[in-house]
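**Q** Give me the fold of what follows.
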Amino acid sequence: MPQGTGDGLGTLMGPTNDLADEAPRSRIDQILQWVPRLLASKPHVVWLIGLGVYLIIVPLAGVNVSAKAELIGGNYTNVTSDIGACIAAGGTLHLVSQGRKRGRAEQERLRLARETHRLLHYVYRDAARELGYPAAPGTPAAGGPPCGGNGEPRPGTGAR
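**A** Presented below is the predicted three-dimensional model:
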């Protein structure tokens, strides 16, 4: 159902456009953020592999595993699907981490591009004005002394 339908579902579930918030807002979000980390942890994977050996390999070797152990530990389907969930959780954590790193790098690239653009407008303000761009913030008023743009010497250098 779309959010904002008045049934309170949007407030119960929260926004669905960003499922990996950088900073969890509630206590339950903080707790749930640890679930993929726990699933993908090495001790959990080793424990599941040991459980798989006990519930799958040992019975194939002819050793009788009690029904109670199978009921509590699950069967081969449960164990293999749990290992698959661990692999998926680890992959998801890696992708989220890489996405955040890429996002920070893109923000820095955007900041540098904007700064370069601002500096080019400052240095070549006459050409920018001819193209219809307003004066860059922090530049002298129109008609001020040249600042080295358009092949003109910088003020105070004495070059002609």
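**Q** which helices and strands does the longest helix along the chain pack with?
**A** Longest helix in the chain by number of residues (criterion: DSSP state H): helix 76-123. If contacts are counted by 3 or more Cβ pairs under 8 Å, 6 or more residues apart in numbering; DSSP states H and E, helix 76-123 sits against helix 35-39, helix 42-52. For every residue, glycine as well, the C-beta is placed using N, CA and C.
**Q** tell me which residues in the first one are buried?
**A** For helix 35-39, a neighbour-count test (16 or more other Cβ atoms under 10 Å) marks 36, 39 as buried.
**Q** Quick one: list the elements packing against that helix.
**A** helix 76-123.
**Q** looking only at pLDDT, what's the mean for the helix it packs on?
**A** The average pLDDT within helix 76-123 is 89.
**Q** buried set for the very next helix or strand once past that helix?
**A** Later in the chain than helix 76-123, the nearest helix or strand by DSSP states H and E is helix 125-130. By neighbour count with 16+ other Cβ under 10 Å, helix 125-130 contains the buried residues 125, 128.
**Q** Let's see helix 125-130 as CSV, backbone CA atoms only.
**A** Only the C-alpha atoms of helix 125-130 are listed here, as CSV (Å, rounded to 0.1, in the frame of the first residue of the first chain):
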residue,chain,number,x,y,z
ARG,A,125,34.6,35.7,-15.9
ASP,A,126,34.4,37.7,-19.1
ALA,A,127,33.9,34.6,-21.2
ALA,A,128,31.4,33.3,-18.7
ARG,A,129,29.4,36.6,-18.8
GLU,A,130,29.4,36.3,-22.6
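**Q** Against which helices or strands is it packed?
**A** Using 3+ Cβ pairs under 8 Å, 6+ apart as the contact test, no helix or strand touches helix 125-130.
**Q** Now residue 69: which helix or strand?
**A** Using DSSP H and E, residue 69 sits in helix 67-73.
**Q** re the thing from before, the helices and strands packed on helix 76-123: which one's closest to residue 96?
**A** Distance to residue 96, taken as Cβ to Cβ, is lowest for helix 35-39 among the helices and strands packed on helix 76-123, at 8.6 Å.
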